[in-house]
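Peer 1: A predicted structure for the sequence below; I have some questions about it.
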Amino acid sequence: MSGRNHVIVMKKAIIIFILFVPFAAFGQQFPFTDGYSVNPFNFSPAFAGLVRSKTLFMDYRSDWSGIDGGPKTYQLSYSRRFKNKVGLGARFIYDKADIFKQTLFIGTYTYEVKIKEEHILNFGLSAGLYRNVIDLSKYFNDPGYVEDVALIYGQQKSLLKFATDISFLYRFKHYEAGMVFSNIMFGTVKYHNSDMTYKPFSNYLFHTAYLFDLDDRWSIKPVVILRGGQNVPLQFEISQTLAWKNRFWLTTLFRTNGILGLGVGCEIYDGFLLNYSYDLNNNLTAHVSINTYGSNELTLGIRLFKPDKEGPIQDK
């Protein structure tokens, strides 16, 4: 295939992707993260202030690392408790996959209700602003570029959109179960320079977990997760984190479609945490597993303030 024909085919594929598959790119408003054993606030907003309160987390994740333009996600998050009932938190997310970019800033409010002794419910409501960009200008300088009406605008920026999510968390002693409903938006997202529109699909996440104390030093916590939503295939995930004095930990993960994961982390010294995880697609029939190096995620946590003397579960 000549260079010119290759560019034409590539351009047509991009057009098809823009017209018919934007929901795949933007349907999951909150990207995957493997670091929920360290910072479950990114996993479910109902955890705001419950685990490692007053800690600023910085996350970097690279998916399909062997593919040029593979998805990359940057996150900042912070949460803390107030008066042992209220949790407040904020997240900034920047997600990029080749020509697609999305930015989200969202704040979270949670409130805790004690049903009866040791039976606790945490309710979370998040709201913020969302924008996405489709950047086509990177293809215009190609020597084989052929003008196409569908590509006359170099960069498509959406208008800012109001987005929310709702989360719930039930806790009893060492057991927990929760749910998150994401992509709750009002109306359709529109762009500045074109008639393109889209409306992200709502999705949900359910999880359940139990912390087993093996002795006064060792513990293990298995977590089971179900993800799905409108036109989103159901996905099953199970992980387990083995920890020593809650300062060193090892995590293993299995996700449907043949995803295997391994994570390691430690609290280097008081209030300074580091976690690294790697996911490998073990499904040899999947195209993206060929000539790629899996997914890499790095999490850094820095405690900005001292924890409360009688704080929530992160200080036990």
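Peer 2: Received it, and whenever you're ready, just let me know what you need.

Peer 1: how close does residue 116 get to residue 126?
Peer 2: 27 Å (CB to CB, to the nearest Å). C-beta: built from backbone N, CA, C; applies to glycine.

Peer 1: So those two - more neighbours on which side?
Peer 2: For the pair residue 116 and residue 126, the greater number of neighbours falls to residue 126 (24 against 7), based on other CB atoms under 10 Å.

Peer 1: ok but the more buried one is inside a strand, no?
Peer 2: Yes. Under DSSP: H, G, I helix; E, B strand; the rest coil, residue 126 falls within a strand.

Peer 1: can you pull up the bridge partners for it?
Peer 2: Judged by DSSP bridges, the bridge partners of residue 126 are residue 108, residue 165.

Peer 1: What strand or helix carries the residue lying closest to residue 223 once chain neighbours are set aside?
Peer 2: Once flanking residues are discounted, residue 223 sits nearest to residue 209: 4.2 Å by CB to CB, 6 or more residues apart in numbering. Element membership for residue 209, per DSSP states H and E: strand 203-210.

Peer 1: by contact count, what packs against that strand?
Peer 2: When contacts are defined as 3 or more CB pairs under 8 Å, 6 or more residues apart in numbering; DSSP states H and E, strand 203-210 packs onto strand 175-185, strand 218-229.

Peer 1: mind listing what's buried in that strand?
Peer 2: Residues of strand 203-210 classed as buried by neighbour count (16 or more other CB atoms under 10 Å): 203, 204, 205, 207, 209.

Peer 1: Kindly report the same for stretch 117-137.
Peer 2: 120, 122, 124, 126, 128, 130, 131, 132, 134, 136.

Peer 1: The residue nearest to residue 223 touches residue 221, doesn't it?
Peer 2: Yes. Counting by CB atoms under 8 Å, residue 221 is a contact partner of residue 209 at 5.9 Å.

Peer 1: where does the stretch 51-200 of the chain have low pLDDT?
Peer 2: Applying pLDDT under 70 to the stretch 51-200 of the chain picks out residues 66, 136-160, 183-200.

Peer 1: can you give me the helices for the chain?
Peer 2: Under the criterion DSSP state H, the chain contains helices at 3-20, 22-26.

Peer 1: bridging residues for residue 172?
Peer 2: In this entry, residue 172 is beta-bridged to residue 119, residue 175, by DSSP bridges.

Peer 1: residues contacting it?
Peer 2: Residue 172 sits next to 118, 119, 120 when contact means CB atoms under 8 Å, 6 or more residues apart in numbering.

Peer 1: now, which of the residues you listed sits nearest residue 80?
Peer 2: Within the contacts of residue 172, the smallest distance to residue 80 is 17.9 Å, found for residue 120 (CB to CB).

Peer 1: wait, isn't that closest one in contact with residue 171?
Peer 2: Yes. Judged on CB under 8 Å, residue 120 makes contact with residue 171 at a distance of 4.6 Å.

Peer 1: where among the helices of the chain is the average confidence lowest?
Peer 2: Mean pLDDT values for those show the minimum at helix 22-26, a mean of 36.

Peer 1: Quick check: pLDDT value at residue 216.
Peer 2: At residue 216, the model reports a pLDDT of 92.

Peer 1: same thing with residue 42?
Peer 2: Note on residue 42: pLDDT of 88.

Peer 1: what's the distance between it and residue 99?
Peer 2: For residue 42 relative to residue 99 (CB to CB), the value is 25 Å.
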